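Student: structural data only, the sequence is not supplied:
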């Protein structure tokens, strides 16, 4: 009896050893020669040391030459908290997706739903396993279905570390945050060969769907990293700000002071036309070294990210006057509205820093749907039931003011700096509309139209482009000295901790698309 | 369809041409010290461009502009455009010498006309 048990244990050990070798020594060496990590090494770098517990190690396709069927799944801890992980293994059948491979992924997705914990997928796959035929399409469909059902329930993170082409690209796009690595990640629906055959355009994989393209132009990637290690460190950092699921609040850390050597007064220029980097203001308000930017390279005219204030996670949306004057366009609206909806799903309070001159004018923008894209911002703010505080730094003009967390669209508190200008439009534009007739007659009589315009603009600025006109009507809550803003915002969020909003039950709303 | 790349006065132009279509190029003067070459664009092996053309990211009034001949470093301001109630600084993505400037102060910059051309060093 004893001997048989020993034999069985030896067999188990042998099988385990074989599985741990991934696609075999030769395949692993080939990867290392290219400077790439294996799926197992990636998981080891991502999670807390020694915390990974693998599931479905012995799944393989018929025959016995595909350890794990090309994907490694399991449960682990990051920062001491549970996570579910899967990593496609390129050394086994090119990480291609067959039915059992897909079912391993859906199984871990279902587990994440039950455990109410974040799920991280590392994508590195040649695509559908052609031998599996329609079965692999079934596999993709089942994954996408779960991506959608998990959306807003537990944080879903995709790390693209290799090819992720064709239908496979939709899975990361359905998740909350996509990480990509320079020179390694490649994501597109149709590759360069098809593009060349059909369109006659020659383009490299990198230029078509590399990390830079997705981070800067397409906006698919929220985080861009130079190498795999940096990328996995970013994933760990992001998870630090997030709650385990929509059922709980994000964990608070020890409160840290904001940096002593920075002040809002020294960053915000007194000339309203002078730009500045709004990220400096974010740093003044946040706990020191806590600002973690999301979508940094995409639509830089709006800044989104996470900070800690008094130790608690807060989402930030801020106009960036340093790029396109901080004006809103379709990409900025897409970026911010998605971020706001993420915060709303996961109980993360939202702080908006407003300095918006309006929406970017242009034929191209209007024709490509600036209206329906811009509408998303209104929708996202109005729909959100999380605590929302807005600080008007300077400009708050027109529709931009209304959409970006004004009181009218759902903010709980709106504070203004003394430099705030809340008005329907800027002084110069307002004068040309209001004094249209006067200007016309001065021009006809050969008078000094410029000095008239200037005088009237100054008058307008004094009367309307300030925080007190809106203050007189109760549209804002207070005008605050820049040095007191951090304290006021922290107190405001503290007062809103138990915020409850009741909305009529419905299936779901329709966000403009 | 073919992609062709032509270099005129040191500036690279890329365009697509349908198969079996005759192309004529009208130029006022031609000085050629070598026969015109039509190069097929190859992956990755792009000839490094010696010049960098900076386009305005936003349309508006030019309030400040760098002069021709000025040596600049990557990240230097080449122009300031007043638009959306703001002075928008336009930074150079490369280091080099300002080869040409296509506007004067006070002009209205449009997206399709470049601000300056920088010859990289």
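Tutor: Alright, I've got the coordinates. Nothing here was measured: the structure is a model prediction, and the numbers come from that model. Numbering: from 1, shown residues only, chains lettered A, B, ... in the order given.

Student: use CA for all of it now, contacts and neighbours both
Tutor: Fine.

Student: domain map for the chain?
Tutor: Defaulting to chain A. For chain A, automatic domain parsing gives the domain ranges A:2-241, A:264-424+A:466-495, A:427-464.

Student: nope, chain B please
Tutor: Per the record, chain B has its domains at B:2-40, B:51-120, by automatic domain parsing.

Student: can you name the next helix or strand after the helix-or-strand element of chain B with minimal mean pLDDT?
Tutor: Confidence across the helices and strands of chain B bottoms out at strand B:39-40, with a mean of 45, counting by mean pLDDT, DSSP states H and E. Following strand B:39-40 in sequence order, the next helix or strand is strand B:51-54 (DSSP states H and E).

Student: so which elements touch that next one?
Tutor: strand B:116-120 (3 or more C-alpha pairs under 8 Å, 6 or more residues apart in numbering or on different chains; DSSP states H and E).

Student: partners of the strand it packs on, with directions?
Tutor: When pairing is defined by DSSP bridges, strand B:116-120 lines up against strand B:51-54 (antiparallel), strand B:96-101 (antiparallel).

Student: tell me which residues are up against it.
Tutor: By C-alpha atoms under 8 Å, 6 or more residues apart in numbering or on different chains, the surrounding residues in contact with strand B:116-120 are B:50-55, B:78, B:94-102.

Student: can you name the residue of chain B nearest chain A?
Tutor: residue B:86 (4.1 Å; C-alpha to the nearest C-alpha).

Student: quick one: contacts for that residue?
Tutor: Contact partners of residue B:86, counting by C-alpha under 8 Å, 6+ apart, are A:272-275, A:321, A:325.

Student: give me the beta-bridge partners of it?
Tutor: residue B:83.

Student: state the pLDDT value of it.
Tutor: With respect to pLDDT, residue B:86 scores 91.

Student: now do residue A:363
Tutor: With respect to pLDDT, residue A:363 scores 88.

Student: how many residues are close by residue 13?
Tutor: Here I'm looking at chain A. By other C-alpha atoms under 10 Å in any protein chain shown, the residues close to residue A:13 number 12.

Student: if you could check chain B rather than the one you did, that'd help
Tutor: Residue B:13 has 10 neighbouring residues, counting by other C-alpha under 10 Å.

Student: same deal with residue A:98?
Tutor: Neighbours of residue A:98 using other C-alpha under 10 Å come to 27.

Student: from chain B, how far out is it?
Tutor: According to C-alpha to the nearest C-alpha, to the nearest Å, residue A:98 and chain B sit 32 Å apart.

Student: can you lay out the contacts of residue B:86 as a markdown table showing distance to residue A:105, pLDDT and secondary structure?
Tutor: Compiled in a markdown table, the contacts of residue B:86 are given as follows (distance: C-alpha to C-alpha, whole Å; pLDDT from 0 to 100; DSSP: H, G, I helix; E, B strand; the rest coil):
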| residue | distance to residue A:105 | pLDDT | secondary structure |
| --- | --- | --- | --- |
| A:272 | 53 | 86 | coil |
| A:273 | 53 | 89 | coil |
| A:274 | 51 | 94 | coil |
| A:275 | 48 | 95 | coil |
| A:321 | 43 | 96 | coil |
| A:325 | 44 | 94 | helix |
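
Student: of those residues - the most surrounded one?
Tutor: Going by other C-alpha under 10 Å, residue A:325 tops the contacts of residue B:86 with 30 neighbours.

Student: thinking again about what came up before, hey, least reliable of the domains of chain B by pLDDT?
Tutor: Of all the domains of chain B, domain B:2-40 carries the lowest average pLDDT, namely a mean of 61.

Student: residue of the stretch 51-200 of chain A closest to chain B, please.
Tutor: Closest point on the stretch 51-200 of chain A to chain B, by C-alpha to the nearest C-alpha, is residue A:200, at 5.4 Å.

Student: could you count how many residues lie near that residue?
Tutor: Residue A:200 sits with 16 neighbouring residues when counted by other C-alpha under 10 Å.

Student: check the one 3 residues further on too.
Tutor: The number of residues packed around residue A:203, counting by other C-alpha under 10 Å, is 18.

Student: tell me how far the residue nearest to it when sequence neighbours are not counted lies from residue A:205.
Tutor: Leaving aside its chain neighbours, residue A:203 sits nearest to residue A:192 (5.9 Å; criterion: C-alpha to C-alpha, 6 or more residues apart in numbering or on different chains). According to C-alpha to C-alpha, to the nearest Å, residue A:192 and residue A:205 sit 6 Å apart.

Student: in CSV: the strands paired with strand B:116-120, plus mean neighbour count.
Tutor: As requested, those are exported to CSV (neighbours: other C-alpha atoms under 10 Å in any protein chain shown):
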stretch, mean neighbour count
strand B:51-54, 19
strand B:96-101, 19
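
Student: what's the burial count for the residue in the stretch 1-150 of chain A that chain B sits nearest to?
Tutor: Using C-alpha to the nearest C-alpha, the closest approach of the stretch 1-150 of chain A to chain B is made by residue A:34 at 18.4 Å. The number of residues packed near residue A:34 is 8, by other C-alpha under 10 Å.

Student: residue B:55 too?
Tutor: 17.

Student: same question, the one 4 residues further on
Tutor: Neighbourhood size, residue B:59 [other C-alpha under 10 Å]: 20.

Student: same question, residue A:5
Tutor: Counted with other C-alpha under 10 Å, the neighbours of residue A:5 add up to 10.

Student: do the same with residue A:181
Tutor: Neighbourhood size, residue A:181 [other C-alpha under 10 Å]: 26.

Student: ditto for the one 3 residues further on
Tutor: Burial of residue A:184 is recorded as 20 neighbouring residues (other C-alpha under 10 Å).

Student: same deal with residue A:405?
Tutor: 30.

Student: would you confirm that it contacts residue A:379?
Tutor: No: using C-alpha atoms under 8 Å, residue A:405 makes no contact with residue A:379, being 10.7 Å away.

Student: surely residue A:91 is in contact with residue A:20?
Tutor: No: assessed by C-alpha under 8 Å, residue A:91 is found out of contact with residue A:20, at 11.7 Å.

Student: more neighbours, the two?
Tutor: Per other C-alpha under 10 Å, whichever of residue A:91 and residue A:20 has more neighbours is residue A:91, with 27 against 15.

Student: can you tell me the closest non-neighbouring residue to residue A:409?
Tutor: Nearest non-adjacent residue to residue A:409, counting by C-alpha to C-alpha, 6+ apart: residue A:382, 5.2 Å away.

Student: show me what contacts the residue of the stretch 351-500 of chain A found nearest chain B?
Tutor: Across the stretch 351-500 of chain A, the shortest distance to chain B (C-alpha to the nearest C-alpha) belongs to residue A:357, at 5.8 Å. When contacts are counted by C-alpha under 8 Å, 6+ apart, residue A:357 touches A:325-327, A:395-397, A:400, A:426, B:84-85.

Student: okay, it and residue A:424: tell me how far apart.
Tutor: From residue A:357 to residue A:424 the distance is 10 Å (C-alpha to C-alpha).

Student: list the contacts for residue 110?
Tutor: Just going to use chain A. Contact analysis of residue A:110 by C-alpha under 8 Å, 6+ apart lists residue A:146.

Student: my question was about chain B
Tutor: Residue B:110 touches B:56, B:58-60, counting by C-alpha under 8 Å, 6+ apart.
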